[in-house]
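K.L.:
sequence? don't have it. structure:
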């Protein structure tokens, strides 16, 4: 049985560069930053679940600095830059350096990014910035040009499989190699998703994968990924059609549980929409059309706002 009820993704987050899987050349650069106790402005980009946030946190944990962490998917507007970031950067400090981590910076509005560019310039002597994002093309060029940019590549499937196996062994969870292979192939390169799934399907002390449930949850995560980036109605409809969705009630619940991921600050509006369409689904002959009408409304309510 598992020895802990905590989330494995947090429990086994790398605490040192040595523990971090993959990207050896980037680890060398980061190790040099740590040895020098100084960094440039940094931009980490790459697929979800590959360790961008972990690397940013490893840096600030290993150099002498004060740091501020902001998840831009939750705080994406210009007020975040004007208030939180400027207040932090302008405050007195007993350390030689201050660092601002802007996680998921591709969620920042254009005006917020323009303001950030000015802040980076204004406080260049005392404050460094580490940005992480999945979609580097959503970061304006003036910010990219002021950062040393690193593309975080996922480790190989064999490296990830070995890492997951080590975690399962530490949790006293038994697993057949075929199940491990299914897990890695299904969610590669997102290690975070692999660990969440492994934990969910190993409550009895043995990892037993329900391939139907995994396939179902996989299309849900694909839709969630689309809603979090630049939602494309046609692409989401294709995902739904290709997946032969049958558990509409489960999908509505998934969208509700993860509303903060794609509609931060508008969770109440999303809850009202979901309640409306979930109820109407009981009376609709074509439930797929009802679902896509919901997706259309969600997209219209969650388009990035320039403020």
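P.N.:
Perfect, I can see it now. The structure displayed is predicted, hence computed values, not measured ones.

K.L.:
From here on, just use CA atoms for contacts and neighbour counts.
P.N.:
Noted.

K.L.:
Of all the helices and strands in the protein, which has the lowest average confidence?
P.N.:
Within the chain, no helix or strand scores below helix 211-228, which has a mean of 75 by mean pLDDT, DSSP states H and E.

K.L.:
Residue 131: which element?
P.N.:
strand 127-133 (DSSP states H and E).

K.L.:
Just checking: what are the partner strands of that strand?
P.N.:
Paired neighbours of strand 127-133 in the sheet (DSSP bridges): strand 42-45 (parallel), strand 98-103 (parallel).

K.L.:
Flag every buried residue along that strand.
P.N.:
127-133 (16 or more other C-alpha atoms under 10 Å).

K.L.:
Ok, stretch 232-249 next?
P.N.:
Under the neighbour-count criterion of 16+ other C-alpha under 10 Å, stretch 232-249 has 233, 236-237, 239-240 buried.

K.L.:
just to revisit the earlier point, check which helices and strands the following helix or strand past the strand holding residue 131 sits against.
P.N.:
Downstream of strand 127-133, the first helix or strand assigned by DSSP H and E is helix 141-144. Judged by 3 or more C-alpha pairs under 8 Å, 6 or more residues apart in numbering; DSSP states H and E, the packing partners of helix 141-144 are helix 110-122.

K.L.:
Now for residue 296, how many residues are close by?
P.N.:
Applying other C-alpha atoms under 10 Å, we find 16 other residues in the vicinity of residue 296.

K.L.:
What distance do you get for it to residue 45?
P.N.:
Per C-alpha to C-alpha, to the nearest Å, residue 296 is found 29 Å from residue 45.

K.L.:
ditto for residue 167
P.N.:
Between residue 167 and residue 45 the computed distance is 26 Å (C-alpha to C-alpha).

K.L.:
Just the endpoints, please. Distance across stretch 225-244?
P.N.:
Stretch 225-244 has an end-to-end distance of 18 Å (C-alpha to C-alpha).

K.L.:
now it, how far from the centre of its chain.
P.N.:
18 Å (C-alpha atoms, centre = their mean, to the nearest Å).
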